[in-house]
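Sequence plus the predicted model coming up.
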Amino acid sequence: MSWQLGDRIRRLDTVPLASKLADSRSNRTLSVYDPDGNTYLVRLRTAVGREKYREVSKAEFDPILDALSQDGRWNFVAQTKEERGRQTTAGGP
């Protein structure tokens, strides 16, 4: 996905932030937005501010998100109530 399209979608009032994780080693952040019921818009931001956007299905990314948070390197810095509930029922923190 192009940066322009990803940034435009992210800025819409109707696209909530679902989760945000920070990489403890590199100061990168991973922001997960929920534009609809089936996909996430994922933004990876580097320590110097470069951003890349990807659109991924929730079914594919939820296990990855769980694994990242349990690895200890990536830490949640923001989560919606819905995401916290999903993590708790999936055996996460």
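Happy to help now that I have it.

most centrally placed residue in this structure?
Closest residue to the average C-alpha location of the chain: V32 at 2.3 Å, with CA atoms, centre = their mean.

Who are the packing partners of the helix or strand hosting that residue?
Using DSSP states H and E, V32 maps to strand 29-33. Applying 3 or more CB pairs under 8 Å, 6 or more residues apart in numbering; DSSP states H and E, one finds that strand 29-33 makes contact with helix 3-10, strand 17-23, strand 39-45, helix 58-71. Where C-beta positions appear, they are placed from N, C-alpha and C, glycine not excepted.

Report the mean per-residue pLDDT for the third one.
So that's strand 39-45. Strand 39-45 comes out with an average pLDDT of 96.

Pull out the buried positions in that strand.
Buried residues in strand 39-45, counted by 16 or more other CB atoms under 10 Å: 39-43, 45.

quick revisit: if I look at the residue nearest to the centre of the chain, how far off is P16?
From V32 across to P16, the span is 10 Å (CB to CB, to the nearest Å).

All set, thanks.
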